[in-house]
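Engineer: fold the following.
(one chain, ligands or ions: 1)
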Amino acid sequence: MPDMGTMLAHWAERAGPHSDGALLPPHHERCLGCGLDNPHGHHLQVHRRGDGVVADHVFDERHVGAPGVVHGGAVATVLDDLFGFLPYLVGTPAVTRQLTVDYLSPVLVGVSYRIEATVTSREDRKVFVAATVSDFDERTVATSSAVFITVDVEHFARHGGVSGGSPTPPVADDHRDTGREGEMGQQRG
Ligand SMILES: CCCCCCCCCCCCCC(=O)SCCNC(=O)CCNC(=O)[C@H](O)C(C)(C)COP(=O)(O)OP(=O)(O)OC[C@H]1O[C@@H](n2cnc3c(N)ncnc32)[C@H](O)[C@@H]1OP(=O)(O)O
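Structural biologist: Numbering: from 1, shown residues only. Got it, this is the predicted structure:
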């Protein structure tokens, strides 16, 4: 388990307070949504705006689904990551428990979109959040809502770390030493 002091410092460093308009720090350098060191990432640049967060984002060819159209999973990734900045403003770490996306119009590769998210309500550990994705004619192309659950920093220490690496995946007993290096071996990468 990573050192708890390191985890606490990592959270404290990011949690702010952040002034209105400030560029918010990435979750960590390898984060798929906002980490600048992730070559597969979206490199989201997120600012605080009032009680919410906002990012302008252009999806590229790496994110294509149907020709010219952004893959729905890529849109969901960006929404989830943007929601993941609201805990900085709430003041406590939180993780996604449920994420819903309404795809109203195709999101297009190479077009700039504004994505805005805010906290709509709180109930004990539950933080309800909502977001919109709009083009620069202010036409809403997607909306999203999510339920985040507040956690303590130990949650992150328990399940991995903040250095950017992934914990070694557990190997299921029934696939150990079978000599079947076919499908399962390849899937596990
Ligand atoms: C050190 C800091 C590092 C910082 C790095 C930050 C990185 C962030 C990166 C961000 C990247 C982007 C973000 C990411 O990608 S975050 C990554 C994706 N998310 C996860 O990995 C979370 C995985 N899930 C869990 O770990 C657990 O399930 C958690 C901890 C979330 C809850 O497990 P736990 O066992 O503790 O709680 P519970 O299951 O009893 O539920 C709790 C409460 O919630 C209610 N509930 C459940 N569902 C719903 C629903 N649909 N509508 C309304 N309510 C709902 C439920 O009834 C209950 O209510 P109540 O009975 O208590 O009243």
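Engineer: phi and psi next, for the residue nearest the centre of the chain.
Structural biologist: Centroid-nearest residue in the chain: residue 81, 2.1 Å away (criterion: Cα atoms, centre = their mean). Backbone torsions of residue 81, given as degrees, to the nearest 10, read phi -70, psi -40.
Engineer: quick one: it and residue 116, what's the gap?
Structural biologist: Between residue 81 and residue 116 the computed distance is 14 Å (Cβ to Cβ, to the nearest Å). All C-beta atoms are positioned from the backbone trio N, CA, C, and that covers glycine.
Engineer: strands of the protein, start to end?
Structural biologist: All strands of the chain, identified by DSSP state E, fall at 47-49, 52-58, 94-103, 112-123, 126-134, 140-150.
Engineer: of those, which is nearest residue 158?
Structural biologist: With Cβ to Cβ as the criterion, residue 158 lies closest to strand 94-103 of the strands of the chain, at 11.8 Å.
Engineer: okay, the angle between the closest one and strand 140-150?
Structural biologist: Relative orientation of strand 94-103 and strand 140-150, computed by axes from the mean of the first three to the mean of the last three Cα atoms, to 10 degrees: 160 degrees.
Engineer: so what does strand 94-103 touch, helix or strand wise?
Structural biologist: Applying 3 or more Cβ pairs under 8 Å, 6 or more residues apart in numbering; DSSP states H and E, we find strand 94-103 packed against helix 72-83, strand 140-150.
Engineer: chain center to the longest one, what's the gap?
Structural biologist: Computed by Cα atoms, centre = their mean, to the nearest Å, the chain-centroid distance of helix 72-83 equals 6 Å.
Engineer: show me which residues of it are buried.
Structural biologist: Going by neighbour count (16 or more other Cβ atoms under 10 Å), the buried part of helix 72-83 is 74-83.
Engineer: what's the answer for the shortest one, then?
Structural biologist: When burial is assessed from 16+ other Cβ under 10 Å, strand 140-150 yields the following buried residues: 141-148, 150.
Engineer: reformat these as a markdown table; add distance to the ligand and pLDDT.
Structural biologist: Formatted as a markdown table, the buried residues of strand 140-150 follow (distance: Cβ to the nearest ligand atom, whole Å; pLDDT from 0 to 100):
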| residue | distance to the ligand | pLDDT |
| --- | --- | --- |
| 141 | 21 | 98 |
| 142 | 17 | 98 |
| 143 | 17 | 98 |
| 144 | 12 | 98 |
| 145 | 10 | 98 |
| 146 | 8 | 98 |
| 147 | 4 | 98 |
| 148 | 7 | 98 |
| 150 | 9 | 97 |
